[in-house]
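Novice: Predicted model follows, preceded by the sequence.
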Amino acid sequence: MAHEQSGRLTLNRQMLGKLVVIAVLMFGFGYALVPVYKQMCEVLGINVLTAQDGMATYDSKNTQVDKSRSIVVELDGNAQGPWRFRPTTRNVTVHPGELTTVMYEVVNTQARTVQAQAIPSYAPQSATPHFKKVECFCFKQQTLGPNEARQMPVVFYIDPAVPREVKTITLSYTFFEIAGTQTAAR
């Protein structure tokens, strides 16, 4: 009987060891997902979230505005959370190389403070590398107080090297709440 209990104890310890290894591996996998996701986004040029990755520089002395053609930039806003989010204008017509400012409006409809982030997307994909943002609310997380309304600028230009067949570019933002950062209103 003592030998049987000793065998069970050994099997239980082995099982515990395996479960600890599995738990550590699962935690490591979950922890590694965020940097892997960010790295993949940087490499693929999608969902650029930080100013250093997404911010362009604009030197008005060295940029030539191509007045021979115009591009319509359609603006779109999608909300995933407790707010209203929209562009203040639906579209603008710009010349490649011309610095342009558009505004987005967000209204926190909750009686609590929320933190949020905006993720941009562009269509057509061929225009993505030519759409240069100089300033954008999407470069950092936004903290919105209870029932706060805010207008947020996007300053951009379209590189004159954009393919000539591109006549319309859609700039769309999805504005979503960052989980775990909510605070109750007092």
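Specialist: Yep, that arrived. Residues are numbered from 1 along each chain as shown.
Novice: Please identify the helix or strand for the most centrally placed residue in the chain.
Specialist: Nearest to the mean C-alpha position of the chain, by Cα atoms, centre = their mean, lies residue 119 at 2.7 Å. Per DSSP states H and E: residue 119 is located in strand 112-123.
Novice: mind listing what's buried in that strand?
Specialist: For strand 112-123, burial by neighbour count (16 or more other Cβ atoms under 10 Å) applies to 113, 114, 116, 117, 118, 119, 120, 122. Heads up, the C-betas are built off the backbone N, CA and C, glycines and all.
Novice: What is it packed up against?
Specialist: Using 3 or more Cβ pairs under 8 Å, 6 or more residues apart in numbering; DSSP states H and E as the contact test, the elements touching strand 112-123 are strand 100-108, strand 131-136, strand 142-144, strand 168-177, strand 183-184.
Novice: got those strands as JSON lines, with mean neighbour count, distance to residue 156 and mean pLDDT columns?
Specialist: Listed next are the helices and strands packed on strand 112-123 as JSON lines, based on neighbours: other Cβ atoms under 10 Å; distance: least, Cβ to Cβ, whole Å; pLDDT from 0 to 100:
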{"stretch": "strand 100-108", "mean neighbour count": "18", "distance to residue 156": "6", "mean pLDDT": "95"}
{"stretch": "strand 131-136", "mean neighbour count": "18", "distance to residue 156": "5", "mean pLDDT": "92"}
{"stretch": "strand 142-144", "mean neighbour count": "19", "distance to residue 156": "18", "mean pLDDT": "91"}
{"stretch": "strand 168-177", "mean neighbour count": "19", "distance to residue 156": "8", "mean pLDDT": "92"}
{"stretch": "strand 183-184", "mean neighbour count": "10", "distance to residue 156": "32", "mean pLDDT": "46"}
